[in-house]
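Enquirer: pasting the sequence and the predicted coordinates here, then a few questions.
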Amino acid sequence: MKQYRLYNGVEVPAIGIGTWQITNRDMMDQVLKDAFEAGYRLIDTAAAYGNEISIGKALQDIGFPRNEIFVSDKLWNTNRGFYEAQEACKKSLKKLKLDYLDAYLIHWPASGKLHDNAYELNADTWRGMEALYKAGYVRAIGVCNFKVHHLEKLKETLEILPMINQIELHPGWYPQDIVDYCKDNDIQIEASSPLGNGQILENPVIGKIAEKKGKTPAQICLRWGLEKQAVVIPKTVSEKRLRENLNIFDFSLEQEEREAMDAIPYCGGLGIDSDRVTEFG
């Protein structure tokens, strides 16, 4: 499995299994068993997904060596703050039945539409993340859905730079400014929705490339994400698609194919803007 090395030396698998909307315990057992057998080693979850207990049970049932899996979790918005972030992480660890997390991310930046002190709230929460990292509860800390202005403001007070920024990224939606900023600051990009809302799979440009390569449109999108040096985290409960999604290391895109995909106009986006939404604030 290809891996990316974070600036602190921690290695992250290049492709993971997303668990959003998987809450049934039996289904989680089966999905993670199928995923591990296929070769996945990165599990992506969040407190807001409501499935940490299911994942913890599945990991115990499978009995996979802890040092061979990478578990990433996220802090929800109701637990912002220095002490609150630390307590939330410890609660998540208890639910997952783990001693540490491989990555812990702030799920959303505080929204300026809801908080007059949004930047200060982000900074206070980040100090809690730093404390968790220093204490060994997490091997890497990062953020999700942070734009350049969020990261720039955070840099004014932080001690430890985020190691990861998980954002929406897929053909038809490529926030160049965020990607460039993260590359310049050695922050690893993760694509939380590498297939968008699914509409991108019907795009004729991608369909043509898929036909030429003998691959599925999803495989072409995931390969594009890898070639952008992003960690890609698709979600599926299908064993067949789990294996298909992982089968993207035996080919590469040609320059004209990448350029054609880069030129796809806005398509397949989830439409969630961290500066505009209030329900995630």
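Expert: Structure received.
Enquirer: buried set for whichever helix or strand residue 54 is part of?
Expert: Assessed by DSSP states H and E, residue 54 sits inside helix 52-62. Within helix 52-62, the residues that count as buried by 16 or more other Cβ atoms under 10 Å are 52, 54-59. The way it works is simple: take the backbone N, C-alpha and C, and place the C-beta from them, glycine included.
Enquirer: run through the stretch 151-281 of the chain and note the low-pLDDT ranges.
Expert: Applying pLDDT under 70 to the stretch 151-281 of the chain picks out residues 278-279, 281.
Enquirer: show me where it has helices.
Expert: Secondary structure of the stretch 151-281 of the chain (DSSP state H, counting those that start in this stretch): helices at 176-184, 204-213, 217-227, 239-246, 255-262.
Enquirer: go through the ones you listed and name the closest to residue 155.
Expert: helix 176-184 (10.5 Å; Cβ to Cβ).
Enquirer: ok, which stretches of the stretch 51-200 of the chain are strands?
Expert: 70-75, 103-106, 141-144, 164-167, 188-191 (DSSP state E, counting those that start in this stretch).
Enquirer: and the helix holding residue 54, what's its mean pLDDT?
Expert: Helix 52-62 comes out with an average pLDDT of 94.
Enquirer: and that helix, what does it pack against?
Expert: helix 25-38, strand 70-75, helix 82-96 (3 or more Cβ pairs under 8 Å, 6 or more residues apart in numbering; DSSP states H and E).
Enquirer: same thing but 10 Å
Expert: helix 25-38, strand 42-44, strand 70-75, helix 82-96 (3 or more Cβ pairs under 10 Å, 6 or more residues apart in numbering; DSSP states H and E).
Enquirer: CA atoms only: put the first one into PDB for me.
Expert: To tie it back to what came earlier, the one meant is helix 25-38. The C-alpha trace of helix 25-38 is given here as PDB (Å, rounded to 0.1, in the frame of the first residue of the first chain):
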ATOM      1  CA  ARG A  25     -22.800  -3.000  14.000                       C
ATOM      2  CA  ASP A  26     -23.100  -6.200  12.000                       C
ATOM      3  CA  MET A  27     -22.600  -4.200   8.800                       C
ATOM      4  CA  MET A  28     -19.600  -2.500  10.200                       C
ATOM      5  CA  ASP A  29     -18.100  -5.900  11.200                       C
ATOM      6  CA  GLN A  30     -18.500  -7.100   7.700                       C
ATOM      7  CA  VAL A  31     -17.300  -3.900   5.900                       C
ATOM      8  CA  LEU A  32     -14.100  -3.700   8.000                       C
ATOM      9  CA  LYS A  33     -13.500  -7.400   7.600                       C
ATOM     10  CA  ASP A  34     -13.900  -7.200   3.900                       C
ATOM     11  CA  ALA A  35     -11.700  -4.000   3.800                       C
ATOM     12  CA  PHE A  36      -8.900  -5.500   5.800                       C
ATOM     13  CA  GLU A  37      -8.900  -8.600   3.600                       C
ATOM     14  CA  ALA A  38      -8.800  -6.500   0.500                       C
END
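Enquirer: what are the buried residues along it?
Expert: 25, 28-29, 31-32, 34-36.
Enquirer: which one among those gets closest to residue 116?
Expert: Taking the buried residues of helix 25-38 together and measuring to residue 116 by Cβ to Cβ, the closest member is residue 28, at 39.7 Å.
Enquirer: need the contact list for the nearest residue to that closest one once chain neighbours are set aside.
Expert: Nearest in space to residue 28, with sequence neighbours left out and distances taken as Cβ to Cβ, 6 or more residues apart in numbering, is residue 54 at 4.1 Å. Residues near residue 54 by Cβ atoms under 10 Å, 6 or more residues apart in numbering: 19, 22-29, 31-32, 45, 95-96.
Enquirer: no more questions from me, cheers.
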